[in-house]
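quick one: sequence plus predicted model below, questions after.
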Amino acid sequence: MTYQPYQQRYEGMQYNRCGKSGLKLPALSLGLWHNFGGEDTLENGRLLIQKAFDVGITHFDLANNYGPPPGSAEETFGKILQKDFIGYRDEMIISTKAGYNMWPGPYGDWGSRKYLISSLDQSLKRMGLDYVDIFYHHRPDPETPLEETMMALDSIVRQGKALYVGVSNYGTEESNRAISILKALGTPLVINQVAYSMFNRSIEDGLTDLLHDNGVGCMAFVPLAQGLLTNRYLDGIPSDSRAMKSKSFLNKDDVTENVIQKVQKLNAVAQEREQSLAQMALAWVLREGKVTSALIGASKVSQIEENIAALNNLSFSQEELEMIDTILK
Ligand SMILES: NC(=O)c1ccc[n+]([C@@H]2O[C@H](COP(=O)([O-])OP(=O)(O)OC[C@H]3O[C@@H](n4cnc5c(N)ncnc54)[C@H](OP(=O)(O)O)[C@@H]3O)[C@@H](O)[C@H]2O)c1
């Protein structure tokens, strides 16, 4: 069936300026880490991207290694773009990354100029694109000089293969250095993509302030703790859930009694707010305006529909925040 995007798609979404750049990002973005690999069905992936676009999600986040197998999420996304989004490229912000192990030998991992530039060329081919909107270095490399990695990002922008550059999983000190090196090169750091959720608050230790003070955006990934911060596991571990299916990142052993007790208490707070737990978890990530966009994943269209409604109530009373802090302690 031919896909026709929903005409009013921009009306319900909030677009936040990414740091001090000209780029605006949707308050919710969609990541393709899971559910778009070679083992997943293309048709479901297509429905997810279509639904996301229809609710105003303009930003789609990939990486060279997303799959499994690595590279297959970019291939799937390329097929979906080809089928449904020809003519809409200029309404989309597409990002990819390199930084984790991608191919054998010394040139397919970490942060060398050799790896970053060849990996992006491969990603562009897999997705059938001339350029990405944001290209990220996926994780800090303790051995390659940061200057080399940042110069590679700068070159990529000058070659027209990416419009903006970002880093991911960079801590406060690494981000600070990346900001100043890129500034000197004339290609500003536009965003840092970091883990942030009610279950992982490490970026509150100064990183968000550094990004904010330097006009750099903040993309919060895994805001639902891979599904733990939703109603997914309240009554056990469903057979189609990530904890049941996934081989390494979230597994049954992570769904402990202690976690579920916290989730139940958080769920009660969410109900008082007339939100689902997923909606409250997303609102909480966005509550202070320091996070540009919460980067969700989804396996079902209904999850995107539920999550987007988080935007109807992003504010918290002091009492609610204190209750949440107490539960999380
Ligand atoms: N830069 C990095 O190093 C890095 C690392 C990790 C992720 N990321 C990015 O962040 C993106 C999001 O990661 P994530 O998928 O782990 O994020 P997440 O939003 O925390 O978890 C998504 C999962 O939660 C469940 N879910 C979502 N909405 C739900 C709802 N309303 N009700 C019930 N369950 C719901 C689904 O799991 P089920 O499959 O069980 O339905 C879904 O696949 C990735 O795709 C990637 O782009 C980046």
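Received the coordinates, thanks. Numbers count the residues shown, from 1 in each chain.

now name the helix or strand holding the closest residue to residue 116 other than its chain neighbours.
Once its chain neighbours are removed from consideration, residue 116 has its nearest residue in residue 152; the separation is 4.3 Å (Cβ to Cβ, 6 or more residues apart in numbering). In short, each C-beta sits where N, CA and C put it, glycine included. Per DSSP states H and E, residue 152 falls inside helix 146-158.

quick one on the thing from earlier: how many neighbours does the residue nearest to residue 116 have?
The local packing count at residue 152 equals 22, with neighbours defined by other Cβ atoms under 10 Å.

these two touch, right, it and residue 120?
No. Under the criterion of Cβ atoms under 8 Å, residue 152 lies out of contact with residue 120, with a separation of 9.1 Å.

strands along the stretch 51-200 of the chain, start to end?
Ranges of strands in the stretch 51-200 of the chain, per DSSP state E, counting those that start in this stretch, are 59-61, 93-98, 132-137, 162-168, 189-195.

make TSV from those strands and add mean pLDDT and mean neighbour count to it.
TSV is the format used below for the strands of the stretch 51-200 of the chain (pLDDT from 0 to 100; neighbours: other Cβ atoms under 10 Å):
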stretch	mean pLDDT	mean neighbour count
strand 59-61	99	25
strand 93-98	99	26
strand 132-137	99	25
strand 162-168	98	24
strand 189-195	98	25
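
okay, the ones you listed in CSV with distance to the ligand next?
Written out in CSV, the entries for the strands of the stretch 51-200 of the chain read as follows (distance: least, Cβ to the nearest ligand atom, whole Å):
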stretch, distance to the ligand
strand 59-61, 4
strand 93-98, 6
strand 132-137, 7
strand 162-168, 4
strand 189-195, 5
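
against residue 48, how distant is the closest residue to the ligand within the stretch 201-329 of the chain?
Each residue of the stretch 201-329 of the chain has a distance to the ligand, by Cβ to the nearest ligand atom, and the smallest belongs to residue 297, at 1.9 Å. As judged by Cβ to Cβ, to the nearest Å, residue 297 and residue 48 stand 9 Å apart.

now swap in residue 210 and tell me
Computed as Cβ to Cβ, the residue 210 to residue 48 distance reads 33 Å.

neighbour count winner among the two?
Set side by side, residue 210 and residue 48 show unequal neighbour counts under other Cβ under 10 Å, the larger going to residue 48 at 25 against 18.

could you give the mean pLDDT of the strand or helix carrying the more buried one?
Using DSSP H and E, the element containing residue 48 is helix 42-54. In this model, helix 42-54 carries a mean pLDDT of 98.

wait, does that helix make contact with the ligand?
No. Contact of helix 42-54 with the ligand is not found when judged by Cβ under 6 Å from any ligand atom; the minimum separation is 9.7 Å.

buried residues of that helix, list them for me.
Residues 45, 46, 47, 48, 49, 50, 51, 52, 53, 54 are the ones in helix 42-54 that count as buried (16 or more other Cβ atoms under 10 Å).

residue numbers of the stretch 51-200 of the chain in contact with the ligand?
So the stretch 51-200 of the chain meets the ligand at 61, 138, 168, 169, 193 (Cβ under 6 Å from any ligand atom).

mind telling me the two of the residues you listed farthest from one another?
Looking at these by Cβ to Cβ, the two members farthest from one another are 61 and 169, with 13.6 Å of separation.

between those two, which contacts overlap?
Applying Cβ atoms under 8 Å, 6 or more residues apart in numbering, one finds that residue 61 and residue 169 are jointly contacted by residue 193.

give me the phi and psi for the residue of the stretch 1-150 of the chain found nearest the ligand.
Minimum separation of the stretch 1-150 of the chain from the ligand (Cβ to the nearest ligand atom) falls at residue 31, amounting to 2.1 Å. The phi and psi values for residue 31, taken as degrees, to the nearest 10, are phi -100, psi 150.

now do the closest residue to it other than its chain neighbours against residue 230, distance only.
Nearest residue to residue 31, sequence neighbours excluded (Cβ to Cβ, 6+ apart): residue 61, at 4.3 Å. Distance of residue 61 to residue 230, computed by Cβ to Cβ: 19 Å.

what's near enough to touch residue 82?
Listed by Cβ under 8 Å, 6+ apart, the contact partners of residue 82 are residue 128.

can you say which helix or strand has the most centrally placed residue in the chain in it?
When Cα atoms, centre = their mean is applied to the chain, the residue found nearest the centroid is residue 295 (3.5 Å). Element membership for residue 295, per DSSP H and E: strand 293-296.

what packs against that strand?
Contact here means 3 or more Cβ pairs under 8 Å, 6 or more residues apart in numbering; DSSP states H and E; on that basis strand 293-296 packs against strand 28-31, strand 217-221, helix 277-286.
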